[in-house]
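Asker: pasted the sequence and its predicted model underneath.
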Amino acid sequence: MRRFLTMKDVEAAVAGGSVFAAGGGGWADHGRMLGTAAVNTGRPELVTMDEIPDDAIIATAAAIGAPAGTTEWEMWGIDYVKAVQLLQEALGKPIYGLIIGQNGMSSTLNAWLPSAILGVKVVDAVGDIRAHPTGDMGSIGLANSPEATIQVAVGGNRAKNQYIELVTRGATAKVSPILRTASDMSGGFIASCRNPVSAAYVRKNAALGGISMALALGERILDAKPKGGNAVIDAICDQTGGSIIARGPVARKDVRYTNEAFDIGTIQVGTAAAARIIHVMNEYMAVTDLDGARHASFPDVITTLDSDGQPVSAGHVREGMELWVLRVPKDKIPLSSSVTDPSVYPIVEKALGMNFTDYALGRAS
C-alpha cells in the first residue's frame, strides 16, 4: 500500500522513531524540521516493497555521526537532497526510492525531503529497526561485500568552514570509515546517501515495514499522552512487546566523544542490587548489572524513558534524572541481514570490550 505522508505522520514518526532511537538516532527537533519541510514542500510518498519492481534501484538515506550535544554539528535539510543528487550523478541514472539505515528521533524521516523535492519514493524498509553506531550495521548485508559501491556525504558547520561534499567508490568496509571521518571533520553529524542496490536485494536483506512500525508506535504514543506518563509507557510496552527492566535515578554518567565520531561510555541507573549499567556507543548497546551479567544486548531495542514516557537520548541524560529502561527483545522485531552478519561487530566489541556476536547470531540467550 502506498500513501502520501502528512503533518500528522511527522509527529508519529518522531514519537515512534524516538523509542527505536535506542538512546541515539539524531534529534527530535531535527526530525520535525525534516518532516515539516517535506510535507510543506511537496508530497513525500511511502511505498511498500510489494509495489516495487525487482530491478528498481534503491539507496539508503542516512545521517552519520554522534549528535549527542557534544559537538558543534550543523546539517540542513537540503544536505539530504544534495546527497541523493550526487549519488544519482555518480550512478549515472535516477534511483527509484530510499530506505533508511535505521529508525531514530530524526533518522526515520531522512528520506522524506528528497522524496518531496526529487520525487524518489520513501520505501517502507530499514537497514535496522533500531538505531546503531556504525554504517555497516545498517548496510543490509553489504558490510563484508567485495563489490565496489557508491557512498556520498554532504553537510557541515558552515560558519566554521567545515561544509563537505564527498563522493566515494569502493567496498563498504573501506568506504564507511571515510564517511565517518568526514562526519567528524564536518562537526560531528553529516547527511549521506549510499549503497544503491536492486529492490530484489532490499526485499531479501532489509527489515521490511520498519517505517510503518515506527509510525504505528508513534500513533499509540500520541493517543496515550493525554492520559499521562504511565499510560504512555504501558502503550509503548504493549505495542512493541517490550518491558521495563530497570527504573531509578541516574547515579553516574561517563560518556565521551571520540575523533571517530562516536560517543562511548556508560550510564548507571539505580543503585545497589537494583543498579543497571547502560553501555553506550552512540546508542545503547547493552545493559548489565554491577556484576556484569547481561540483561539486554544489541539487537534488542534499549531505550530510556522519563516520567512522561518520553525517550531520553544519551546526550540528554543527566545525573539525578529518574529513568525507566525499556527492553524490546530481538525476537519481537524483524532483523535485517546486517544484524546477523558477524563482520559488523568487531569494531563495537573492541570499543566496548563486550561480546555482541554470540547473542545477535543466536549463540547465547
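Answerer: That came through, no problem.
Asker: Val39 and Tyr96, how far apart?
Answerer: 21 Å (C-beta to C-beta, to the nearest Å). The C-beta positions use only the backbone N, C-alpha and C, and glycine is treated the same way.
Asker: low-confidence stretches in the protein?
Answerer: 66-71, 365 (pLDDT under 70).
Asker: how is it carved up into domains?
Answerer: For the chain, automatic domain parsing gives the domain ranges 3-210, 227-360.
Asker: among those, which comes closest to Ile221?
Answerer: domain 3-210 (4.4 Å; C-beta to C-beta).
Asker: can you list the buried residues in stretch 162-173?
Answerer: Residues of stretch 162-173 classed as buried by neighbour count (16 or more other C-beta atoms under 10 Å): Gln162, Tyr163, Ile164, Leu166, Thr168, Thr172, Ala173.
Asker: so which of those residues are in helices?
Answerer: In this view, these that belong to helices under DSSP state H are Thr172, Ala173.
Asker: now for the buried residues of stretch 162-173: which two are most distant?
Answerer: Maximum distance among these (C-beta to C-beta): 26.7 Å, for Tyr163 and Ala173.
Asker: are we agreed that Ile95 is in a strand?
Answerer: No: assigned with DSSP: H, G, I helix; E, B strand; the rest coil, Ile95 falls outside any strand and is coil.
Asker: the chain should start at 19 in everything you say after this.
Answerer: Taking 19 as the first residue, the last one we looked at is Ile113.
Asker: beta partners for the residue nearest to it when sequence neighbours are not counted?
Answerer: In this structure, Ile113 finds its nearest non-sequential neighbour in Ile75, 4.6 Å apart by C-beta to C-beta, 6 or more residues apart in numbering. On the basis of DSSP bridges, Ile75 is bridged to Ser216.
Asker: ok now do Ile296, which residues does it touch?
Answerer: Applying C-beta atoms under 8 Å, 6 or more residues apart in numbering, we find Ile296 in contact with Gly41, Thr284, Ile285, Gln286, Val287, Tyr302, Ala304, Val305, Ile320, Thr322, Val343.
Asker: count the neighbours of the fifth one for me.
Answerer: The local packing count at Val287 equals 26, with neighbours defined by other C-beta atoms under 10 Å.
Asker: check the last one too.
Answerer: Counted by other C-beta under 10 Å, the residues lying close to Val343 total 23.
Asker: so how far is Lys222 from it?
Answerer: Spatial separation of Val343 from Lys222 under the definition C-beta to C-beta is 34 Å.
Asker: ditto for the fourth one
Answerer: According to C-beta to C-beta, Gln286 stands 41 Å off from Lys222.
Asker: these two: which is more packed in?
Answerer: Gln286 (19 against 15).
Asker: might one say that the more buried one is in contact with Pro267?
Answerer: No: using C-beta atoms under 8 Å, Gln286 is not in contact with Pro267; the gap is 9.4 Å.
Asker: name the helices or strands packed onto the strand ranked longest in the chain?
Answerer: The longest strand of the chain (DSSP state E) is strand 261-275. If you count contacts as 3 or more C-beta pairs under 8 Å, 6 or more residues apart in numbering; DSSP states H and E, strand 261-275 packs onto helix 247-258, strand 281-287, strand 294-299, strand 312-315, strand 340-346.
Asker: any idea which of the domains of the chain is most buried?
Answerer: Among the domains of the chain, domain 21-228 has the highest mean neighbour count (mean count of other C-beta atoms under 10 Å), at a mean of 22.
Asker: next, the contact list for Gly41, please.
Answerer: Ala149, Ile296, Val298, Asn300, Glu301, Tyr302, Ile320, Thr321, Thr322, Val330, Ser331, Ala332.
Asker: and it, which of the three is it?
Answerer: Using three-state DSSP, the three-state assignment for Gly41 comes out as coil.
Asker: and it, how far from Ala191?
Answerer: From Gly41 across to Ala191, the span is 25 Å (C-beta to C-beta).
Asker: the helices in the stretch 119-268 of the chain, which residues?
Answerer: 130-136, 190-204, 217-223, 228-242, 247-258 (DSSP state H, counting those that start in this stretch).
Asker: do you know which of those lies nearest Ala30?
Answerer: helix 228-242 (3.3 Å).
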